[in-house]
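# 3D, please:
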Amino acid sequence: MLRIVKSAVVLVSTLLAAACSGSPSRSSDTIALDAAKKSAPAVSQFRLPVTVRIAGYQDARRNSGSRKIGDIKANVVGISSPDLVVEDDVTNLVGQALKGRFEAAGYQVTDANAQFEVNGVVREFSLNILARDELAIVVETTLRDTQSGAVVWSGVVTEKTDRFAGVMGNSKKDIAKYLDNGLTAVTQKTSDAITNSLKQIHPELFNPVVAGPVIPGVSVLAAPVQPVGPVPAYVPPAAYAAPAAVVASGYLSVTTTPARVKVYVDDVYFGLTPLKLELDAGVHAVKLKAEGYKPASEKVSVRKGDTTELEMVLEK
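Below is the predicted model:
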């Protein structure tokens, strides 16, 4: 009996040591994505440098902020957890993947003095491992001209697919590749749709200008109006840093109840709340719209160098 107890103690100690050593560990179950690294050589399609700043994405999923993206209810080689978890925040994954797509298309992605700014909302980002794997990625993106503040393009890209993993089942590597391919498809469609819009309003940027095809899985929320008559020459990036181009401006911070309300300033759509905008100093007309709620409007005064806060509660 003494020998049996001693053996049990040794066994427990061994198991505890293995657990403390990190094998198996929760971190070994997480999925690392490669979508941002899969960039083809840049395509020479621009006559002038075109710079883009990725301002970031908001997480609007039901489990906002969580790195868990789904459940594992079938055998997966290399993963012991019942939860499918990614190594980074989904907003960072989308932003990095889109950066790779822009760079592959020939854009210059920068953090300062950019001609255009991209931001958006991750509405859905899930992969459930079942008898048939179910992938769903839905991302809303807005492209804005940083000089005028006008929305150039806004749309929602949806990628929803399912697959049978096969008689051998899934492996951790297979799952990462499947998720990578879905994220790459979403960001590639986003990049293509934005490029097609820029070709409409600034054909002088492209060499040559070729109209892009209709892209499946893209729901356009705001698109440029086809210009009538000659198109004015686009201001090159250097002009943005010139003192003469600087306009006195301030900031407008808009928060609403409920959240994710559409914000229009001077009849121009800027995005969803909560939102902080840089606007010319002066009086601006703000309109708020959300499905199922009464529209609201307010005039606000934006002062140079200051932040004006607007809080609104929409009525049903």
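# could you list the low-pLDDT ranges of the stretch 151-300 of the chain?
Applying pLDDT under 70 to the stretch 151-300 of the chain flags residues 208-217, 219-247.
# switch to 80 and redo it
Residue ranges of the stretch 151-300 of the chain with pLDDT under 80: 166-168, 207-248.
# please enumerate the strands of it.
With DSSP state E, counting those that start in this stretch, the ranges of strands along the stretch 151-300 of the chain come out as 151-163, 170-171, 218-222, 249-257, 262-265, 268-272, 275-280, 282-289, 296-302.
# Ala74: which of the ones you listed is closest?
Nearest of the strands of the stretch 151-300 of the chain to Ala74, taken as CB to CB: strand 170-171 at 6.8 Å. From N, CA and C alone the C-beta is placed, and that goes for glycine too.
# pairing partners for the closest one, with directions?
With DSSP bridges as the test, strand 170-171 is paired with strand 76-77 (parallel).
# and the partner strand, how far out from the chain middle?
Distance, stretch centre to chain centre, for strand 76-77: 29 Å (CA atoms, centre = their mean, to the nearest Å).
# so for it, mean pLDDT?
The average pLDDT within strand 76-77 is 92.
# how about stretch 48-66?
For stretch 48-66, the mean pLDDT works out to 92.
# that one: end-to-end distance?
In stretch 48-66, first residue to last residue: 40 Å (CA to CA, to the nearest Å).
# any idea how far the closest residue to Thr110 other than its chain neighbours is from Met168?
Distances taken as CB to CB, 6 or more residues apart in numbering put Thr51 closest to Thr110, at 5.1 Å, once the chain neighbours are dropped. According to CB to CB, to the nearest Å, Thr51 stands 47 Å off from Met168.
# what sits against Lys289?
For Lys289, the contact set (CB atoms under 8 Å, 6 or more residues apart in numbering) comprises Val261, Lys262, Tyr264, Pro295.
# roughly how far does it sit from Ala296?
Distance from Lys289 to Ala296, by CB to CB: 8 Å.
# same check, this time on Asp145
The gap separating Asp145 from Ala296 is 26 Å, by CB to CB.
# same question, Glu278
The gap separating Glu278 from Ala296 is 22 Å, by CB to CB.
# what's the answer for Leu277, then?
Here the distance between Leu277 and Ala296 works out to 17 Å (CB to CB).
# mind checking which of the two has more residues around it?
Taking neighbours as other CB atoms under 10 Å, Leu277 and Ala296 compare with Leu277 leading, 20 against 16.
# all helices of the stretch 101-250 of the chain, in order?
Applying DSSP state H, counting those that start in this stretch to the stretch 101-250 of the chain gives helices spanning 172-201.
# can you tell me which residues contact the residue nearest to Thr161 when sequence neighbours are not counted?
Using CB to CB, 6+ apart and skipping the chain neighbours, the partner closest in space to Thr161 is Leu135 (5.1 Å). Applying CB under 8 Å, 6+ apart, we find Leu135 in contact with Ser126, Leu127, Glu159, Lys160, Thr161, Asp162, Arg163, Tyr178, Leu179, Gly182.
# isn't the residue nearest to Thr110 up against Gln108?
Yes - taking contacts as CB atoms under 8 Å, Thr51 lies within contact range of Gln108: 4.7 Å.
# show me which of those two is the more surrounded one.
Each of Thr51 and Gln108 has its neighbours counted (other CB under 10 Å); Thr51 has more, 21 against 15.
# ok, now how distant is the nearest residue to Arg101 once chain neighbours are set aside from Tyr107?
Spatial nearest neighbour of Arg101, excluding adjacent residues (CB to CB, 6+ apart): Ser191 at 4.0 Å. Ser191 sits 8 Å away from Tyr107, going by CB to CB.
# again, but for Glu117
For Glu117 relative to Tyr107 (CB to CB), the value is 12 Å.
# between these two, what contacts are shared?
In contact with both Glu117 and Tyr107: Val52, using CB under 8 Å, 6+ apart.
# neighbour count winner among those two?
Taking neighbours as other CB under 10 Å, Glu117 and Tyr107 compare with Tyr107 leading, 25 against 17.
# per-residue pLDDT, that one?
91.
# spit out the contact partners of it.
Here Tyr107 is in contact with Phe46, Val50, Thr51, Val52 (CB under 8 Å, 6+ apart).
# just the buried residues from the contacts of Leu135, in ChimeraX please.
Buried residues within those, by 16 or more other CB atoms under 10 Å, are selected in ChimeraX with:
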select :126,127,159,178,179,182
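# farthest-separated two in the contacts of Leu135?
Checking the contacts of Leu135 with CB to CB, the most distant pair is Ser126 and Arg163, at 14.3 Å.
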